[in-house]
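> sequence? don't have it. structure:
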């Protein structure tokens with residue numbers, strides 16, 4: 001059981017994983033020498049792919065586990081693509097995603 005107090009806000013939230021398309025280079029895929037599991041992606045064009053689940057509405061990344069706003073996790077956290085690595089807690093994009101899920105903004 002996870003101690004609620006020890007959980008980061010991102011581990012409670014998950015709104016970003018249910019709001020944005022996640023497009024990235026095919027060279028991040030495991031089948032091209034990267035680490036992102038190819039089975040969790042869909043092709044966009046010859047050079048770009050997208051995380052499965054972020055390719056339609058309602059958006060919810062296939063790697064997201066748990067309930068948004070309560071307790072979530074990324075099933076491929078160590079192998080997640082660059083757009084996910086670069087997303088920052090508390091940014092305007094973060095707070096917009098949180099608002100879409102009825103969550104308060106972060107300071």
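Noted; the coordinates are in hand. Every value quoted in this text rests on a predicted model; they were computed, and no experiment measured them.
> so what's residue 50 bridging to?
residue 23, residue 42 (DSSP bridges).
> Distance of it relative to residue 60?
Going from residue 50 to residue 60 by Cβ to Cβ, to the nearest Å gives 13 Å. All C-beta atoms are positioned from the backbone trio N, CA, C, and that covers glycine.
> And residue 12, by the same measure?
With the distance defined as Cβ to Cβ, residue 12 ends up 16 Å from residue 60.
> Residue 50 and residue 60: who's more crowded?
residue 50 (19 against 16; other Cβ atoms under 10 Å).
> Could you pull out the strands in the protein for me?
Ranges of strands in the chain, per DSSP state E, are 23-25, 41-43, 48-51, 64-67, 71-74.
> which one of those is the most hemmed in?
Most buried of the strands of the chain, by mean neighbour count (mean count of other Cβ atoms under 10 Å): strand 48-51, with a mean of 21.
> Contacts for that one next, please.
With contact meaning Cβ atoms under 8 Å, 6 or more residues apart in numbering, strand 48-51 is reached by 21-26, 29, 40-44, 61-63, 81.
> chain center to that strand, what's the gap?
Computed by Cα atoms, centre = their mean, to the nearest Å, the chain-centroid distance of strand 48-51 equals 12 Å.
> Next: stretch 59-66.
Using Cα atoms, centre = their mean, the offset of stretch 59-66 from its chain centre is 7 Å.
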